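>>> quick one: sequence and predicted model below, then my questions.
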Amino acid sequence: MKSFPLLPAGRAFQTACSRTGTKRGFTLFEIAVVLFIIALMALLVMPSVGRFQMSQLKEQARRLAGRSQFLFDQAATQKLVLRLTFNLDANNYSVTRLDPHSPNPAFVPDLDPGMGPVQLPKNVRLRDVTVQDIGTISRGTISCNYYPEGYVDATIIHLADPAGRVYTLVFAPLTGKVAINLGDGMPGQVRKPS
């Protein structure tokens, strides 16, 4: 059996490097390839971040439209006045109910499961809300009502994201249907129920 002389660990590495003549480090070409790969990955990831924000905006528009349609149906079937209140400063909306047949009618928070206040994500904001016979606001609170006779106050809501994309929600007074449009709808589109 052949035995090798034992060298200290640092010295063995030094000796091995000096025998092969190699030096440790990266060439300019290797660094350029790594930078190219990083730039390529960034180009692929950045558009998906924008799509994520857009999908959150669209999701919140659909969620609000679904809530509105549900309130329209509930007001008619339960013979109640339901109120959807938008707090633009806190960036949320909530539901209250009024039983017109109670001895002291007053709006109280809706305690049904799933009807609690909805806080919008920080990258989706209530830009402005227009309600017929009230007007347009971009600060404070405003409410639209759903009536037991089967109609809702004509309402236009603009949801926006930091990139400036806007979804416009338009509540149809007689049917309760909500139109969701990408883009900025004008407040003049709100019509009084016939």
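Received it, and whenever you're ready, just let me know what you need.
>>> where does the chain have low pLDDT?
The chain contains residues with pLDDT under 70 at 1-23, 45-54, 111-115, 186-194.
>>> look up how far residue 175 lies from residue 117.
Here the criterion is Cβ to Cβ, to the nearest Å. By it, residue 117 lies 26 Å from residue 175. Glycine gets a C-beta too; all of them are placed from N, C-alpha and C.
>>> try residue 35
Note on residue 35: its distance to residue 175, by Cβ to Cβ, is 57 Å.
>>> can you give me the strands in this protein?
For the chain, the strands defined by DSSP state E occupy 81-87, 92-98, 108-109, 118-119, 125-131, 135-137, 141-147, 151-152, 155-160, 166-171, 178-182.
>>> which of the ones you listed sits closest to residue 65?
Residue 65 lies closest to strand 178-182 among those, at 3.9 Å (Cβ to Cβ).
>>> for that closest one, packing partners?
helix 28-78, strand 166-171 (3 or more Cβ pairs under 8 Å, 6 or more residues apart in numbering; DSSP states H and E).
>>> please redo it, this time with the cut-off set to 10 Å
Applying 3 or more Cβ pairs under 10 Å, 6 or more residues apart in numbering; DSSP states H and E, one finds that strand 178-182 contacts helix 28-78, strand 155-160, strand 166-171.
>>> what comes up buried for it?
Residues residue 178 are the ones in strand 178-182 that count as buried (16 or more other Cβ atoms under 10 Å).
>>> quick one on the thing from earlier: columns mean neighbour count on top of the helices and strands packed on strand 178-182, output as CSV?
Output for the helices and strands packed on strand 178-182, formatted as CSV (neighbours: other Cβ atoms under 10 Å):
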stretch, mean neighbour count
helix 28-78, 14
strand 155-160, 22
strand 166-171, 22
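>>> adding distance to residue 145, write these out as a markdown table.
Listed next are these as a markdown table, based on distance: least, Cβ to Cβ, whole Å:
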| stretch | distance to residue 145 |
| --- | --- |
| helix 28-78 | 8 |
| strand 155-160 | 10 |
| strand 166-171 | 11 |
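>>> and the nearest residue to residue 160 once chain neighbours are set aside, how many neighbours?
Closest residue to residue 160 apart from its sequence neighbours, by Cβ to Cβ, 6 or more residues apart in numbering: residue 127 at 4.3 Å. Around residue 127 there are 16 other residues, counting by other Cβ atoms under 10 Å.
>>> residue 93 now?
Neighbour count of residue 93, defined by other Cβ under 10 Å: 23.
>>> that one and residue 36, how far apart?
47 Å.
>>> got it, and residue 73?
Residue 73 is 56 Å from residue 36, by Cβ to Cβ.
>>> using JSON lines, lay out the strands of the chain together with distance to residue 29.
Putting the strands of the chain into JSON lines (distance: least, Cβ to Cβ, whole Å) gives the following:
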{"stretch": "strand 81-87", "distance to residue 29": "58"}
{"stretch": "strand 92-98", "distance to residue 29": "55"}
{"stretch": "strand 108-109", "distance to residue 29": "67"}
{"stretch": "strand 118-119", "distance to residue 29": "52"}
{"stretch": "strand 125-131", "distance to residue 29": "48"}
{"stretch": "strand 135-137", "distance to residue 29": "61"}
{"stretch": "strand 141-147", "distance to residue 29": "62"}
{"stretch": "strand 151-152", "distance to residue 29": "67"}
{"stretch": "strand 155-160", "distance to residue 29": "47"}
{"stretch": "strand 166-171", "distance to residue 29": "47"}
{"stretch": "strand 178-182", "distance to residue 29": "46"}
